[in-house]
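*Asks:* coords please:
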Amino acid sequence: MASNGPSSAAGGAQVRSGALVPTNNVTTIEGLTVRARIDPALTVDDVVKQLCINLKIKESPANFALRDETDELVTNDNLRKKIKGKVNLKLVNAPSREARETADKLRQKNERNIKLTLFSLQKFIREEQFAQEFINHNGLQELVSVIFDSNGNTLAYALTAMQNLMELDYGWATLDDEFIFKVVQILSSPTSLINVCRPATAILKKLVEADPMNVPGSLLASSSKSPPAAPPGSVYQYGFQVVFEQMRKQERLLETVVDRLGSADTAMAQYSDVRWEEFIAELERLNVRKAVIRLMSLHIMEDLTSCILDFQANIVRVTSQKKSTLVDPESEPSHAAALDYIWASSKLAEEKDDQGVLKWRKLGFETEDMVQEFSEVGVLGLGCLKNFVENYPDFSKGCEKKLLLTGPKLVLEQLSRTPERRCSIAKASNEVVELLSEHWAIFAPGYSTSTTFQPFFLDFYKVHSLATHFFLRMWAESGAAREDFIRVAALVRSQVKVALRSENVRSWREVEHDFNEREYRAVRDRQMKELELEDDLLSKVPVRNLRTKLYKESYEFVRQQRIQCLLQGAWFVNALPQSSPREPARRPGRPWRFMRLDTGRKYLHYVDSAVKFPVRSGLEDLPERIDVSMISEIATGTCAPPPNVLRDENGLPPTSPLIPSPLSFSLLSAHEGSLADQIAPDQSRWADWTDGLNMLRRDGGHVASKETASFVQALTEIGLKIKLLGANSLFWYHMAAFNPFPLSDLSGEKVEIPSGLVAGPPPTNTDFFFSDLL
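*Replies:* Residues are numbered from 1 along each chain as shown. A predicted model of the protein is given here:
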C-alpha cells in the first residue's frame, strides 16, 4: 500500500502494500503522516501503544494521545466514529503532559508565545485529564497571575480559559476576594473590550452560583437560618453576598454595565435572596429598565430580541419576588423608611379614637397593621405607594380642567368628605397593583409567557401612578361611596386593558391619554358592553386568586409536555447560519439531524444523516451530544435552509437560500457561538422545541412562541370555567337561604364567592306573575 511514510496496523502487524485497507491518516508531532488501519475493537491506549511501536517512538506511550483535526481528544467513546468517518488524526502530547507544559509556559510569561498558549488552554482546560494535571501543577495560580498582569486579547484568552475551568465543580476553591475584585475592576473599566467583558461576566455569574445552598446532594434539615457551611475544599463557598461585597468597592461597576446596555453586548447579573433587594435597588437607581426600553425601540437590533425577552422575563421574576415579600417595618429599615416617608408626606397628625391609635386609617388603610395591609401586594405595593406620593407632590400633569389633588392636598380633600364618600387612597393603590399584576400575568417566579416586548411593564411604577390617578378620578366623577369600591375597580380594570393593549407598538403618549383624558361616561358605556360578553364574576378577588393558581398549574403542565417532546426526539434540517459565506451553497452530505434529550435532562444527543431513518429508543443511534448547560440562549429566525432539501418535503415551507426561515432556531453558547442551527418541519415542532429548551434552562428563559403562550392561557380559562361550573351547581342549591357561603368546586377546594343577595320586602299586591326561565 502506498503511503507518505511508514504504514502501520494498530493491532501490531506491519501493513504491506495492498494487503489491508487503511482506515485513517495519522500525523505525528514531527509532521510525518502515515496511513494506518486501526482496529475498532481496541482501546485508545492500545492504539497509541501500537502506533508508538510501529513508528519506533522510544518515549512511553503514556506521554501521547490522539486528537482529530479540530483538536478533539479521541476517547474510547468516540474512537469508532472517528474510524468509521476516516477522520484524519494527530498523535500529540497526552493531556497530562500538555497540561504540565502549559503551566510551565505560563510561569515563564514569554510575551511571544503566551497568546498561543492561552488560546490552546481555552480548549484543553475542559478535558478532565488536562484540568486535573493543570491544577496539580499550580496552573491555576499561574493563570490568575496572567489575568492580573495582561490586557487586550491576552486578557480575553486568559479569562475565557478561567471561565471554562470553572465549568468543573472542583479545582478553583482557592480563588480569593482579591481575584474577584480584579474581575470586578475589569468589568468596570470603560475601556474593556466586549471579548473581555463576556468571560469576566461569566466568571462572576459562576461565583454567584457557587453558593453553599447549591451544593449538589441533599442538605440536612436544620433550624438555623444561616447558610450551610461548604465542605472543605469545595468550590461552593462563594455566592452572591461574597461577590457583591467586592462589587460595592468598585463604584463605577454598575454605571458602566448600564452604559453598555446601549450596545449589542448585554448581560444581567443574577442575585440571591440575601442581598437581592439592595442589588435590585441599585439597578433601579441606575435606570437599567430605561436603557432596555430604548433598545426595544431600535428595530435594527433584531439579534437582541431573545436577550431582551430574557431580561423582561427576569424583571417579571423580580416583580413577583417583590410582590411576595412581606412588608416588615420592624425588621427591615428600608420598609420602615418608606412608611415614614409616606406618613410625613401626608402632613397629618396622629390621633386616637375608640379603636386606639388613628394614623394609617387616615390614608385609607382599614387597620393600623401595615404587615397585614400589604400582605397581598408585599414590597411591590409599598414601593408603588411611595412612588405615587413621591412623584406627584402637588398636581398631576393632565389637562387644566382635570387637575387632581395629590399628596397632602389629596389626603385632606378625602378627609373633608363624609366617611361613606371617602376614597381609600392606600386601598386604591394596592388594588391597582393587583390589577396590573393580573394584566401582566405576574403570578410567580418563572411563569412568564410573553412573546413580545412589554415596555410599559418595565415602567411599572409609572403605569401604577397613572392608573391610581385614574381610579381616584373615576371615584370622584361617579360620585362613588364606600360600597362602590368594587365597581370602580372594575372600571379601572377595563381601562387598563384598553390603555395597555398592543404595548409593543403603542406610544407612551397614547397610554397617558387613555388614562388622563377618558371621561367617566365613555369608560362606563364601554364597560357595560364588555359585561354583555363576559361574566362579572370573573373579576371577583377569589376568582382572580383561583385563576392565579390555575395559571401556574397550566404553565407547569405545558412545560412538562414540551420537555416530553424533547425526550421523544425529532428530525430537523441542518441549517445555514446567516453568517455563512455568500458563495453558492451546495446541498450538504448530511442535511438531516435527529435530536433527543436524555432522561437526565443534561445532554441533547443527536445524529446527522443523509436521509431520515427510524431511530430506536434510547441513545444508541445518537453518538453526538450537546451539553444543555452550555446553552445560554435559544435564538429564533436565525438561519436559512440548505438548497434542495426542503422543497422535496411535503408540508415544509420553501425558503430561498440565505433568507432566514421562520421555523429556524439556533442554540447559542456564551463563549462558543452557535452549538446547533436547525429548521423544524412545522410550526408545532418549532414551538415544542424552542419553548421546551427555554423552559429547560436553569434561568427559566422565556416563551418564544405565541402558540405556547395561548395554550397556557386557554388551559387556564378552561380550568377556571370548569371549576366555576362546579361551584355554580351548588350555588343554586343554596340560593334560597340568601346567605353568603363558601362554595366547593369540583376538586373539593373552597372558592369564596360573595352572593351579595338581600331579601327585599314582600310585594304589596298579587298583580304579578313568575316569568318562564329561558
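*Asks:* Just the pLDDT at the residue lying closest to Asn88 once chain neighbours are set aside, thanks.
*Replies:* Distances taken as C-beta to C-beta, 6 or more residues apart in numbering put Asn25 closest to Asn88, at 4.8 Å, once the chain neighbours are dropped. Bear in mind the C-beta positions are built from the backbone N, C-alpha and C, glycine included. Looking at Asn25, its pLDDT is 89.
*Asks:* Repeat that for the one 5 residues further on.
*Replies:* Reading off the confidence values, Glu30 has pLDDT 85.
*Asks:* mind showing which ranges of the stretch 551-700 of the chain have poor pLDDT?
*Replies:* Filtered on pLDDT under 70, the stretch 551-700 of the chain yields the residue ranges 578-588, 644-658, 670-672, 697-700.
*Asks:* And the helices in it?
*Replies:* Under the criterion DSSP state H, counting those that start in this stretch, the stretch 551-700 of the chain contains helices at 683-696.
*Asks:* And the helix or strand containing the residue nearest to Asn88, what does it pack against?
*Replies:* Here Asn25 sits within strand 24-27, counting by DSSP states H and E. Counting contacts by 3 or more C-beta pairs under 8 Å, 6 or more residues apart in numbering; DSSP states H and E, strand 24-27 is packed against strand 33-37, strand 89-93.
*Asks:* can I get these in JSON lines with mean pLDDT, distance to Asn214 and mean neighbour count?
*Replies:* JSON lines is the format used below for those (pLDDT from 0 to 100; distance: least, C-beta to C-beta, whole Å; neighbours: other C-beta atoms under 10 Å):
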{"stretch": "strand 33-37", "mean pLDDT": "88", "distance to Asn214": "47", "mean neighbour count": "19"}
{"stretch": "strand 89-93", "mean pLDDT": "92", "distance to Asn214": "36", "mean neighbour count": "20"}
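*Asks:* CSV for these, including distance to Phe148?
*Replies:* Listed next are those as CSV, based on distance: least, C-beta to C-beta, whole Å:
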stretch, distance to Phe148
strand 33-37, 42
strand 89-93, 28
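*Asks:* closest one to Pro643 among those strands?
*Replies:* strand 89-93 (32.1 Å; C-beta to C-beta).
*Asks:* ok and the helix or strand just after the closest one relative to strand 89-93, angle-wise?
*Replies:* The element immediately downstream of strand 89-93 (helix or strand, assigned by DSSP H and E) is helix 95-108. Orientation note: helix 95-108 sits at an angle of 60 degrees relative to strand 89-93 (axes from the mean of the first three to the mean of the last three C-alpha atoms, to 10 degrees).
*Asks:* Can you give me the buried ones in helix 95-108?
*Replies:* Pro95, Ser96, Arg97, Glu98, Ala99, Arg100, Thr102, Ala103, Lys105, Leu106 (16 or more other C-beta atoms under 10 Å).
*Asks:* roughly how far is that helix from the heart of the chain?
*Replies:* Averaged C-alpha coordinates place helix 95-108 at 38 Å from its chain's average position (C-alpha atoms, centre = their mean, to the nearest Å).
*Asks:* could you point out which element follows that helix?
*Replies:* Sequence-wise, the next helix or strand downstream of helix 95-108 (DSSP H and E) is helix 114-124.
*Asks:* elements contacting that following helix?
*Replies:* Applying 3+ C-beta pairs under 8 Å, 6+ apart, one finds that helix 114-124 contacts helix 95-108, helix 139-149, helix 152-165.
*Asks:* Same list (these) but as CSV, adding distance to Lys359 and mean pLDDT.
*Replies:* Formatted as CSV, those follow (distance: least, C-beta to C-beta, whole Å; pLDDT from 0 to 100):
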stretch, distance to Lys359, mean pLDDT
helix 95-108, 66, 92
helix 139-149, 56, 93
helix 152-165, 54, 91
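*Asks:* May I see the ones you listed arranged in CSV, with distance to Glu376 as well?
*Replies:* Rendered in CSV, the data for the helices and strands packed on helix 114-124 read as follows (distance: least, C-beta to C-beta, whole Å):
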stretch, distance to Glu376
helix 95-108, 57
helix 139-149, 49
helix 152-165, 43
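*Asks:* between those helices, which one is nearest to Glu330?
*Replies:* Of those, the one closest to Glu330 (C-beta to C-beta) turns out to be helix 152-165, at 43.1 Å.
*Asks:* Tell me the buried residues in stretch 360-367?
*Replies:* Result for stretch 360-367 [16+ other C-beta under 10 Å]: buried residues Trp360, Arg361, Lys362, Leu363, Gly364, Phe365.
*Asks:* List of residues touching that stretch?
*Replies:* Outside stretch 360-367, the residues within contact range by C-beta atoms under 8 Å, 6 or more residues apart in numbering are 342-343, 346, 348, 368, 370, 373, 411, 414-415, 422-428.
*Asks:* What's the mean pLDDT across it?
*Replies:* According to the model, stretch 360-367 has a mean pLDDT of 87.
*Asks:* got the end-to-end distance for that stretch?
*Replies:* End-to-end distance of stretch 360-367 (C-alpha to C-alpha, to the nearest Å): 7 Å.
*Asks:* Tell me how many other residues crowd the nearest residue in space to Leu118 that is not next to it in sequence.
*Replies:* Excluding the flanking residues, the one nearest Leu118 by C-beta to C-beta, 6+ apart is Tyr157, at 3.7 Å. Tyr157: 24 surrounding residues under other C-beta atoms under 10 Å.
*Asks:* Report the contact partners of Tyr157.
*Replies:* Taking C-beta under 8 Å, 6+ apart, we find Tyr157 in contact with Lys115, Leu118, Phe119, Leu121, Gln122.
*Asks:* From Ile53, how far off is it?
*Replies:* Tyr157 sits 37 Å away from Ile53, taking C-beta to C-beta, to the nearest Å as the criterion.
*Asks:* With Gly31 instead?
*Replies:* Noted for Gly31: a distance of 20 Å to Ile53, by C-beta to C-beta.
*Asks:* More neighbours: which of the two?
*Replies:* Ile53 (13 against 7).
*Asks:* Can you name the next helix or strand after the helix or strand containing the more buried one?
*Replies:* Applying DSSP H and E as the criterion places Ile53 in helix 44-54. Tracing the chain past helix 44-54, the next element assigned as helix or strand by DSSP H and E is strand 64-68.
*Asks:* Would you map the helices across the stretch 251-400 of the chain?
*Replies:* Using DSSP H, counting those that start in this stretch, the helices found in the stretch 251-400 of the chain span residues 253-260, 276-285, 288-296, 305-324, 333-346, 370-373, 378-391.
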